[in-house]
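Student: Sequence below, structure please.
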Amino acid sequence: MPAAFTELRHDLHRAGYYPDLVADVLDVALADEPVVAHLVHPETTFDDAEVRRHVTVLVLTPSRLVVAHVDDHPADSENPSASASATTESVPLAELRSVALTHVVAKPEKHRTGDAASELTLAIGWGAVSRVDLEPATCGDAGCEADHGLTGTLTPDDVVVRVSAVAEGAGAVRAASTFARALSAATSRPR
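Tutor: Below you'll find the predicted structure:
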């Protein structure tokens, strides 16, 4: 087994969220293509007093970005046992339209070259999913009560991973930054 895939499996086990399931679905999606870089991002959310776990895994290969996402599905009246769903998507690097990074830095006046961000948000777009943010349009006249319709923005939203040093630790932010650097470099090469 190549060292990069071994490191990926190690990070999946460290995340502790169905590591063998995630490794199996990634193995199918990777189809024996070597791993260049990866990011494993486990996340716990709270929804109506219910705890839900999920993990997003980003894997860079020489030709593709493979995205895996696994969610818990708790037992309910229709499904007597809990389950998980694992989805993968493989995107050719040539299809990636944007790699956006937002670095949040506490006390920016004290920032020195090489200091890590306290939070990093990585947004990757390839045109499959977009988010629409709408708001009422205005004409500029503060006294105008006419309906001017809506205005808004369309934002690529294929995959967004937010990593915080407070929540996941400084090492997780460094890992996200390292992956983002590798992905940015890979998308800058002519195809």
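
Student: dump the residue contacts of the most centrally placed residue in the chain.
Tutor: In the chain, the centroid-proximal residue (C-alpha atoms, centre = their mean) is residue 161; its distance is 3.0 Å. By C-beta atoms under 8 Å, 6 or more residues apart in numbering, the contact list for residue 161 reads 39, 41, 56, 58, 121, 122, 176. To be clear about C-beta, it is placed using only N, CA and C from the backbone, and glycine gets the same treatment.

Student: Helices - which of these land there?
Tutor: residue 176 (DSSP state H).

Student: Can you lay out the contacts of residue 161 as JSON lines showing distance to residue 96 and pLDDT?
Tutor: Converted to JSON lines, the contacts of residue 161 look like this (distance: C-beta to C-beta, whole Å; pLDDT from 0 to 100):
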{"residue": "39", "distance to residue 96": "15", "pLDDT": "97"}
{"residue": "41", "distance to residue 96": "18", "pLDDT": "95"}
{"residue": "56", "distance to residue 96": "16", "pLDDT": "95"}
{"residue": "58", "distance to residue 96": "12", "pLDDT": "98"}
{"residue": "121", "distance to residue 96": "17", "pLDDT": "92"}
{"residue": "122", "distance to residue 96": "12", "pLDDT": "93"}
{"residue": "176", "distance to residue 96": "17", "pLDDT": "95"}
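
Student: For residue 95, state which of the contacts of residue 161 is nearest.
Tutor: Closest to residue 95 out of those is residue 58 (15.0 Å), distances taken as C-beta to C-beta.

Student: I'd say that closest one and residue 88 touch.
Tutor: No: using C-beta atoms under 8 Å, residue 58 is not in contact with residue 88, being 11.0 Å away.

Student: What segments of this structure are strands?
Tutor: Here the chain has its strands, by DSSP state E, at 37-47, 50-60, 64-73, 83-92, 98-104, 119-125, 130-136, 150-156, 159-164.

Student: okay, how far is it across stretch 32-52, tip to tip?
Tutor: Stretch 32-52 has an end-to-end distance of 31 Å (criterion: C-alpha to C-alpha, to the nearest Å).

Student: For it, list every residue counted as buried.
Tutor: Buried positions in stretch 32-52, judged by neighbour count with 16 or more other C-beta atoms under 10 Å: 35, 36, 37, 38, 39, 40, 41, 42, 43.

Student: closest to residue 104 among those?
Tutor: Distances from residue 104 to the buried residues of stretch 32-52, taken by C-beta to C-beta, are shortest for residue 41, at 16.2 Å.
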